[in-house]
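In: With the input below, show me the fold.
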Amino acid sequence: MKVEIWSDVMCPFCYIGKRNFEAALEQFTDKNHIEVVWKSYQLDPTIPEVPTDSYQDYLIKNKGMSAEQVTSMLDNVTESAKQVGLDYNLDKAVMVNSIHAHKFIQFAKTKDLGDQAEERLFLAFFTEGKNIADLDTLTQLGKEIGLDETELQTAFTDDQYAYFVKQDIQEGQHVGVRGVPFFVLDRKFAVSGAQPSEAFSENLEKAFAKWREQNPEVKLEVTKGQSCTPDGVCE
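Out: Numbering: from 1, shown residues only. Sure thing, here's the model as predicted:
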């Protein structure tokens, strides 16, 4: 069963939601039957690629919030992150356009490294204060998760990866994504926001039950005889 997750690597609740979902999935009996697919979403595609504002200044300038409101909000988010084992250093966060980070993720998905890409980018942005619009930085992060340096650098200029990002965003709008994180389970159930792990567990159970009805497990009565196995044993 497919679980699609729309996310922006600059969204603090997306990282928290990832941890809560992972906690639920780890306890899910049929977790081996779950395929997780990460989808791109940009909260603000107008942010420049060259950093100009801190996280706090960006919110004050662009969201109409006072310095006191922003400080309080970021303190609350940091505390929420701690509750799931994440260490946020939002005072170090570099506010830049996330388009290249999403191209990074789209390329990583072609190598079955989508989850590793999301995790590494979240850590880079929220904990390490790295510039996720800088191509040299992204290339180094890619090497750390096993991506080929030359192929990754090509992906930043290949229009198909920008198209994949745009396609994800349009698809998200079609299914009702108005904010992230947004989890879609088998295109039948959705969880919006960084819900507690219990909410993910409940929806996993419901969605999988529906999926299993349409995809019954094949159980054969086998009459055994002499045969050979792929490991070379013949008996």
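In: Need the CA coordinates for the lowest-mean-pLDDT helix or strand in the chain. PDB is fine.
Out: Using mean pLDDT, DSSP states H and E, the weakest-scoring helix or strand in the chain turns out to be helix 55-63, at a mean of 92. Output of helix 55-63 as PDB, limited to C-alpha atoms (Å, rounded to 0.1, in the frame of the first residue of the first chain):
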ATOM      1  CA  TYR A  55      14.300  32.500   9.800                       C
ATOM      2  CA  GLN A  56      12.900  35.000  12.400                       C
ATOM      3  CA  ASP A  57      13.400  38.100  10.100                       C
ATOM      4  CA  TYR A  58      11.700  36.200   7.200                       C
ATOM      5  CA  LEU A  59       8.600  35.500   9.400                       C
ATOM      6  CA  ILE A  60       8.400  39.100  10.700                       C
ATOM      7  CA  LYS A  61       8.700  40.600   7.200                       C
ATOM      8  CA  ASN A  62       6.500  38.200   5.200                       C
ATOM      9  CA  LYS A  63       4.000  36.800   7.700                       C
END
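In: Name the residues that touch it?
Out: Residues outside helix 55-63 that contact it (C-beta atoms under 8 Å, 6 or more residues apart in numbering) are 44, 47, 53, 65-67, 70-71, 73-74, 90-91, 93, 95. Where you see a C-beta, it was placed from the backbone N, CA and C, and this is true even at glycine.
In: Likewise for stretch 211-230?
Out: 1, 30, 186, 234-235.
In: try 6 Å this time
Out: Where contact means C-beta atoms under 6 Å, 6 or more residues apart in numbering, the residues beyond stretch 211-230 that reach it are 1, 186, 234.
In: Between these, identify the one with the most neighbours.
Out: Counting neighbours by other C-beta atoms under 10 Å, residue 186 leads the contacts of stretch 211-230 with 19 neighbours.
In: what's the spacing between it and residue 207?
Out: According to C-beta to C-beta, to the nearest Å, residue 186 stands 5 Å off from residue 207.
In: now do residue 95
Out: Residue 95 sits 35 Å away from residue 207, going by C-beta to C-beta.
In: what ranges do the helices span in this structure?
Out: 12-27, 55-63, 67-83, 99-109, 114-126, 135-144, 149-155, 159-175, 197-214 (DSSP state H).
In: Brilliant, that's me finished.
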